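> All I have is the shape, not the residue letters:
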C-alpha cells in the first residue's frame, strides 16, 4: 500500500483540492466552484479526487485551509487546520525554495507574503473590497460580453491601455461604462482593467512592502496573462507563475497534513455524511453573540461565536 495526503483549500468563490504522495508530488487535483455551499462543494471535490487514485493508496492525513477551513476541518476530521498565509507559503516553498515574495490574487481577496530564507517575515491581506480580485474581473468580462478565459489574451493585443479607476468596484464599473460609451477599443479597456488590477494591488496590499525577487504569482488571477504582463512591467522583475499556481494553498496544507500524520487512516467517502449548521443569537449576556452550531450525523460536534466562553449543548 502507498500513502497519500489530502489538502483542501476552500474559499468563498472556489474550492481546491490535491492528493500528494510521500514525495510531495500531486497525484490527483481538482478546482471547482464553491457556489455558496462549502460542505457540498467538498463532497463533490472528494468524489472527483477519488477518481485520480487507485485502491493501492491509503489517505494518512487531511489538512484544510481557506475561509471555511474550520467548518470543513470538522467535516472531514482533518488532522491539521491552518490559515491561508501559512499554507500558501509552505506550498510555494516546496517548489521554489528561494522565493522572496508571493503575490496572490484569488476570487474575493488578495494577499502578499514576504519570505526571507524560507521564513515568513511579513504579510498583508485585502478582504474589504472585491476590486482587483477574480470576481471583479469575471463581472467586468461579463459586462463586456467576453469569456473570462479570453481576458488575458485580448489584453495582450492592446497597444494603448485605457486608464481605469479601479480603487473601488463601483467607480471601476462606472469608469468602464463611460470608456466604452465614448468609443475606446475593447482590447484597450480590457488591458486597462488588467493594469488597474496590478496598480490597485501594489498600492493597497503591497503598500510599504519592499518587493524582491524571486517573485511567485499565484491564485486564480495568475492565469490572466494581461495581469502577469503588467506585474512584470511595473515591478521590473520576472514573475514566476507555476502550472499549479491555483493549487498552492491546497498543496501547502497537504504537505503540513503529511508532516503531522499519525498511524490513523482516513476515508474520502463523505457523500452519505449528514452535515449541517444552525445559527442563532445567544441572549444569555449583553454580548448577544451570533452562535453557529455544527452537527455531524445529527450530533453537535462544535459551536462557534461565543465571546464570553459559554459552552453550548444540543
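That came through fine. Computed from a predicted model, the values in this text were never measured in an experiment.
> List the contacts of the nearest residue to residue 224 once chain neighbours are set aside.
Distances taken as C-beta to C-beta, 6 or more residues apart in numbering put residue 152 closest to residue 224, at 4.1 Å, once the chain neighbours are dropped. Backbone N, C-alpha and C define where each C-beta goes, glycine included. By C-beta atoms under 8 Å, 6 or more residues apart in numbering, residue 152 lies in contact with 194, 223-228.
> element containing residue 152?
Per DSSP states H and E: residue 152 is located in helix 151-155.
> Likewise for residue 99?
Judged by DSSP H and E, residue 99 forms part of no helix or strand.
> And residue 203, by the same measure?
helix 186-204.
> Can you give me the buried ones in that helix?
Across helix 186-204, burial judged by 16 or more other C-beta atoms under 10 Å covers 187-202, 204.
> now the strands for the stretch 51-200 of the chain?
57-65, 80-81, 101-105, 110-116, 119-126 (DSSP state E, counting those that start in this stretch).
> Any chance of CSV for those strands, columns mean pLDDT?
Listed next are these as CSV, based on pLDDT from 0 to 100:
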stretch, mean pLDDT
strand 57-65, 96
strand 80-81, 96
strand 101-105, 94
strand 110-116, 93
strand 119-126, 90
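> Please convert these to CSV, extending it with mean neighbour count.
Formatted as CSV, those follow (neighbours: other C-beta atoms under 10 Å):
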stretch, mean neighbour count
strand 57-65, 24
strand 80-81, 22
strand 101-105, 27
strand 110-116, 21
strand 119-126, 15
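> Quick one: closest of the ones you listed to residue 252.
Between residue 252 and those, the tightest spacing by C-beta to C-beta is seen for strand 57-65, at 7.2 Å.
> and the spatially most central residue of the chain, backbone torsions?
In the chain, the C-alpha nearest the mean C-alpha coordinate belongs to residue 106, at 5.1 Å (C-alpha atoms, centre = their mean). Backbone torsions of residue 106, given as degrees, to the nearest 10, read phi -100, psi -160.
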